[in-house]
Structure formats: C-alpha cells, structure tokens
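**Student:** Kindly return the folded structure for what I paste below:
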Amino acid sequence: MTTGTVRPRTPNTLIGALARPRFLLTPWPWRALLHSVGTSVVGLAVMVITAPIYSPWAMVLGLVISRPWDTMEIGRPSVIGLLVGLFMIVVFAPLVALPVGALERLRLRTVSAGPFNHGHREPPPGLWGWVRTRYTESATWREVAYMFLLMPLSLLVMMILSGLAGAAAVTALAPLLMRDTPDAIIDLGFHTVTTVEQAVPLVFLSPLVVVVLLYASGILAQGHAVIARALLVGPPKEELRAELTEVTDSRARLVDAFEYERRRIERDLHDGAQQRLVALNMDLGMARLDLEEGSEADRRVVAAQRKADDLITELRELVRGIHPRVLTDRGLSAALGELADHSPVPVTVRTDLPRRLPSHVEGTAYFVVAEALTNVYKHTEAATATVHASLLPGPGGDTLVVEVTDHGPGGADPGRGSGLTGMRDRIAVMGGTMDLSSPPGGPTRIRVELPCTIDRTDPVR
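**Tutor:** Okay, here's the model as predicted:
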C-alpha cells in the first residue's frame with residue numbers, strides 16, 4: 001500500500017483564496033497588490049487624459065460650491081458649461097473609454113478567471129459604420145460609465161494602500177527614525193512614541209500591518225473585479241449563440257403555428273362556408289323553377305342569387321389570399337403563374353425550380369411576391385413587372401432566389417410603410433435576406449434569398 005502527502009489545491013479565484021486561511025501562502029495576495037497598484041496608476045492616467053472632457057462640469061461644480069447656498073443662481077454660464085460638458089462626454093468619452101475598457105479587461109485576468117468578452121457588435125465596413133455601431137450600443141456606454149467610476153475608485157485605492165504602506169514602513173523603521181531624529185514624535189492615534197525604547201515594540205507591529213495591507217489589497221481588487229465584470233464583460237459567446245438559437249427556433253415555431261392556422265382557416269372556409277354558399281345558390285336556382293318568370297318574387301330571387309354569386313367570388317379570393325390551393329397542390333411555379341394572371345399589372349414570370357421546395361419556403365416566397373406585386377399596383381405607375389425564381393446550389397444547401405422587378409419611377413423607401421418592413425421580417429424569420437434597390441427613376445428590384453433547409457417540421461397540409 002502506497003501513501004503520499006495530499007497537497008491542498010491553490011484556489012483559482014481571488015474570492016476563493018480570500019476565504020481560506022492559507023491566503024497569504026498563495027500567489028493571490030501579490031497578484032491582488034499588483035492589480036491594486038495598477039488601478040491607481042491607470043486611474044491617475046485616465047484622470048489626466050480625460051481632464052478636457054470633464055473640465056466644463058468641474059468648473060460649474062466649483063462655481064456652485066464656491067458660492068453660499070442662499071446666493072447661488074444658475075445663470076447662463078452654468079447652463080452653457082453643462083451643455084458643453086455633455087457634448088464633450090457624448091462625442092469624446094467613448095474614444096477614450098474603448099481602449100481603457102480593453103486595457104482593464106486585460107488587467108482583470110490578474111485577479112479573475114475568464115472568459116472576458118467585450119460584448120461589442122461587429123461593425124459594418126467603413127468609418128461611419130464603426131461610429132454608428134460603437135456610439136449606439138450599450139457596451140460602449142457601460143465602458144464610459146466604468147471610466148468615470150475608475151477615477152474616484154483609483155483615488156480610494158491609492159489612499160488606502162499608501163496609508164497602510166506608510167504605516168508599515170514607519171513601524172518597521174521606528175527605532176531608526178527616533179535615533180536619527182531625537183526630537184521626533186510618532187503619533188499612532190492610540191499610542192504616542194517619543195523615545196527609541198518606546199519605538200522598538202513597533203517593529204513587531206510592522207508584519208501585522210503588512211498582513212492587513214495584503215488583505216486590504218485583496219478585498220479592493222475583488223471589489224474592483226466585480227465592478228469591472230459588471231460593466232466591461234459581455235456574456236460568453238456560447239451563451240449568446242444558445243440564446244440566438246433559441247430565439248430563432250421560437251420564431252420558426254411561431255411561423256409554423258401561424259402557417260398551420262392559416263391553412264386550417266382556408267380549409268374551413270373552402271370546405272364549410274363556401275360549400276354552403278354554393279348549396280344556397282343551387283337552392284335559389286331550384287326555387288326559380290317554381291316562380292313565374294319576370295314576377296316580383298322571381299326578380300328578388302335573381303337578385304339574391306346574384307349576391308350569392310358575388311359572395312362566393314369574394315370568398316374564393318379570400319381563400320386564395322389566405323393560402324392558395326395551387327401552391328399546395330402544384331408548387332411555387334404554378335402559384336406564381338396564377339398570381340401573375342390575377343395581377344392588374346402585366347407580369348412576366350420566369351422560374352427555374354427543378355423540384356418542390358419545403359412548404360415554409362414556398363409559402364414565404366409566394367406571399368413576398370404577392371406583397372411586392374400589390375405594392376407595384378397600389379404605389380407605382382409601372383406598366384410591367386417581372387418575377388424570376390431560381391434555385392442556386394451552395395455549400396450549405398440550396399438557396400431559393402426570387403427577384404421582383406417593376407419598371408416604375410423608383411424611390412421605394414421601407415421607412416414610409418409597413419409592407420416592405422413586414423416582408424423583411426418574414427424573410428428574416430426563415431433565415432433569409434432581402435435586398436431592395438430603388439433609385440429615382442427606377443427600376444425597383446427586390447431580391448430575396450431563402451435557404452431551403454428542410455430540418456423543420458412542415459405544417460400539416
């Protein structure tokens with residue numbers, strides 16, 4: 001039987017080390033002291049660099065403090081100072097806070113375990129894309145808040161550490177100080193030292209002050225790490241990816257449920273209300289056989305039969321708008337052809353679809369084209385329109401590409417109506433993209449790309 005000595009494991013976090021009696025025997029006290037000293041240095045440097053940014057507010061604050069409360073007035077200089085200070089913070093503070101945040105995340109590794117994701121979004125190419133992204137995301141303004149919080153925090157850390165370090169140095173060198181300066185007096189608050197003999201016991205107090213210094217630096221570093229994590233560190237990428245997947249799946253489930261409900265309503269209208277109206281129309285026709293032609297009753301029955309015909313026609317149009325039967329039975333190519341036949345604007349349809357597509361892809365493409373052609377008829381003066389649908393192979397699977405082009409005046413703007421925005425949202429749910437090109441003078445072209453993945457459960461037909 002072999003026996004050995006089990007060595008205690010070194011805690012991998014500062015808070016875990018602080019909770020153990022062997023804290024002083026681990027590297028954590030010195031890592032915490034290094035971090036706290038660095039906090040003082042970085043905070044003072046930030047204070048100097050950002051002085052032009054907060055100086056207008058500092059001047060207003062000094063002006064307010066320097067006057068008695070009963071004579072204080074908020075005049076034009078104070079308001080101008082506040083507005084200038086706000087402008088300086090909004091425009092220039094993020095430019096300083098971004099590198100400070102990156103530096104602080106690096107220093108955070110000294111006292112805390114990672115990962116330390118910055119939480120920033122990937123900006124579009126170009127300077128304006130970077131500015132628009134950075135100045136509108138919450139991660140940037142959390143870093144700005146941290147930068148301004150770092151300045152008083154660094155002063156507090158510096159005061160505590162310098163006071164304890166000074167006390168440790170004085171107690172350790174007390175006999176030498178009293179010998180070299182006979183008239184010196186060391187006042188510790190609770191004890192006053194005036195002779196070398198009285199200073200000798202202070203040497204034994206010095207290690208205790210050093211222990212307090214190390215624990216204080218550990219507590220300060222841990223508190224600083226909590227603040228830095230709350231303001232500077234974004235959620236892990238795995239968590240973000242899981243949340244994004246869950247949101248995407250939930251949106252897909254909602255669309256599937258909505259599509260199933262559409263088909264149920266279409267089936268109920270087609271098999272229920274529409275069939276009853278047809279039967280009613282037939283009953284009215286049979287009733288006419290028993291009436292004298294041209295009589296008042298015959299005329300009323302004819303009028304009722306005409307209204308029933310109109311109602312049947314409207315109901316068929318409604319059913320077709322909810323979910324066209326041809327889309328379910330014959331696929332997207334035939335459905336687009338029927339859609340073009342019913343369009344008031346002449347539409348040319350070209351399709352290159354060698355196979356049937358998943359039902360959610362066909363349904364999305366159909367209603368996007370229907371909405372686009374409706375916009376052409378209602379909002380443009382286009383004489384003709386073109387619809388082109390094709391299937392493009394790719395490394396991640398096939399992609400359905402649909403283009404709707406009208407030769408109108410152009411100038412389409414998604415911000416002026418909900419139609420284009422609704423189309424974009426519906427396409428985004430399917431993981432697709434929509435590009436709009438509508439220069440003044442035309443033409444207007446909508447290009448939609450939908451991935452034809454079939455890893456989803458199609459709604460019941």
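
**Student:** residue boundaries of the strands in the stretch 101-250 of the chain?
**Tutor:** For the stretch 101-250 of the chain, the strands defined by DSSP state E, counting those that start in this stretch cover 186-187, 192-193.

**Student:** pLDDT of the first one, averaged?
**Tutor:** What it means is strand 186-187. Mean pLDDT, strand 186-187: 68.

**Student:** In whichever helix in the chain runs longest, which residues are buried?
**Tutor:** Scanning the chain for the longest helix, with DSSP state H as the assignment, gives helix 196-232. Within helix 196-232, the residues that count as buried by 16 or more other C-beta atoms under 10 Å are 199, 202, 205-206, 209-210, 213-222, 224-225, 228, 231-232. C-betas here are computed from N, CA, C, even on glycine.

**Student:** Which parts of the stretch 301-450 of the chain are helices?
**Tutor:** 325-330, 332-341, 359-379, 418-429 (DSSP state H, counting those that start in this stretch).

**Student:** Let's have those in CSV, adding distance to Val131.
**Tutor:** Output for these, formatted as CSV (distance: least, C-beta to C-beta, whole Å):
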stretch, distance to Val131
helix 325-330, 45
helix 332-341, 42
helix 359-379, 33
helix 418-429, 24
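
**Student:** Pick the most buried one from those helices.
**Tutor:** helix 359-379 (a mean of 21; mean count of other C-beta atoms under 10 Å).

**Student:** what about that one, average pLDDT?
**Tutor:** Summarised as a single mean, pLDDT over helix 359-379 is 81.

**Student:** and what of stretch 326-342?
**Tutor:** 82.

**Student:** Residues touching it, excluding its own?
**Tutor:** By C-beta atoms under 8 Å, 6 or more residues apart in numbering, the residues outside stretch 326-342 that reach it are 263, 320, 324, 347-349, 351, 353, 356-357, 359, 362-363, 365-366, 369-370, 373, 387, 389, 461.

**Student:** Dump the C-alpha coordinates for it into PDB.
**Tutor:** What follows is stretch 326-342, C-alpha atoms only, in PDB (Å, rounded to 0.1, in the frame of the first residue of the first chain):
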ATOM      1  CA  VAL A 326     -52.500  25.700 -56.300                       C
ATOM      2  CA  LEU A 327     -49.400  26.300 -54.000                       C
ATOM      3  CA  THR A 328     -50.200  23.200 -52.000                       C
ATOM      4  CA  ASP A 329     -51.100  21.000 -55.000                       C
ATOM      5  CA  ARG A 330     -48.700  22.100 -57.800                       C
ATOM      6  CA  GLY A 331     -45.900  24.100 -56.100                       C
ATOM      7  CA  LEU A 332     -44.400  27.600 -56.300                       C
ATOM      8  CA  SER A 333     -44.000  27.800 -60.100                       C
ATOM      9  CA  ALA A 334     -47.700  27.300 -60.800                       C
ATOM     10  CA  ALA A 335     -48.700  29.500 -57.900                       C
ATOM     11  CA  LEU A 336     -46.600  32.400 -59.200                       C
ATOM     12  CA  GLY A 337     -48.100  31.900 -62.600                       C
ATOM     13  CA  GLU A 338     -51.700  32.100 -61.200                       C
ATOM     14  CA  LEU A 339     -50.600  35.200 -59.100                       C
ATOM     15  CA  ALA A 340     -49.400  36.900 -62.300                       C
ATOM     16  CA  ASP A 341     -52.700  36.100 -64.100                       C
ATOM     17  CA  HIS A 342     -54.700  37.800 -61.400                       C
END
